[in-house]
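1. this is a predicted model, with the sequence first.
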Amino acid sequence: SLRKLYTIIFVREGTRVLLGYKKRGFGQGRWNGFGGKVESGETVKEGAVRELKEEAGIDVPHQDVEKVADLEFTFEGEKTLMHVHVFLAQAFTGTPTESEEMRPRWFSVDELPFSDMWPDDHMWLPVVLRGGKVRAAFHFRGHNDILSQRVEEVDAF
Ligand SMILES: CN1CCN(c2cc(NC3CC3)nc(N)n2)CC1
């Protein structure tokens, strides 16, 4: 269908958040949470947990993973709509390990590399890292220019 489901999961440990440098594919060259497409037969949360394990070698218990943002992306001239479910994990096991897709690195929540992240991130990620929940929609021209946006904080999903 024209609406595709994706995930992003951020792992937070106190004042640090684990980001991954995308080494190839969509979003290459930008830091981000871990994630990917949701496969048939898995829930969105299961997909996020799976991608974190695949991309960074980190395990998170499902009960410590919460939905923190719901993002919709459209692109000028394209029919597809990206529906991205964002999760936050506060507990994990394992050691962050580089994969084919991602190079993991801890960042202070006050020093995120926004100039090397997707341009929408600075509009919703700080709210999420402060414990808020966000619903947002962005209309992009290409991969760098935001033509319009709607960002709102919500009480719950
Ligand atoms: C599987 N991936 C996860 C990450 N994801 C995006 C997209 C995004 N902006 C959209 C204009 C592209 N912003 C962040 N932070 N992540 C796309 C799908």
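-> Now that the structure is in, tell me what you want to look at.
2. where do the strands sit along this protein?
-> For the chain, applying DSSP state E gives strands covering 3-13, 16-22, 31-32, 65-75, 81-89, 102-108, 133-141, 145-154.
3. next, count neighbours for whichever residue of the chain sits closest to the ligand.
-> Relative to the ligand, the nearest point of the chain is Trp118 (3.3 Å; C-beta to the nearest ligand atom). Placement of C-beta: from N, CA and C, glycine included. By other C-beta atoms under 10 Å, the residues close to Trp118 number 22.
4. where does this structure come near the ligand, residue by residue?
-> Proximity of the chain to the ligand (C-beta under 6 Å from any ligand atom) is limited to residues Tyr6, Ile8, Gly27, Asn32, Gly35, Gly36, Phe73, Val84, Trp118, Asp120, Asp121, Phe140.
5. relative to strand 102-108, how tilted is the longest helix along the chain?
-> The longest helix of the chain (DSSP state H) is helix 44-56. Here helix 44-56 points in a direction 100 degrees away from that of strand 102-108 (axes from the mean of the first three to the mean of the last three C-alpha atoms, to 10 degrees).
6. what comes up buried for helix 44-56?
-> Val44, Lys45, Gly47, Ala48, Val49, Arg50, Glu51, Leu52, Glu55, Ala56 (16 or more other C-beta atoms under 10 Å).
7. could you check the angle it makes with strand 65-75?
-> Orientation note: helix 44-56 sits at an angle of 90 degrees relative to strand 65-75 (the same axes, to 10 degrees).
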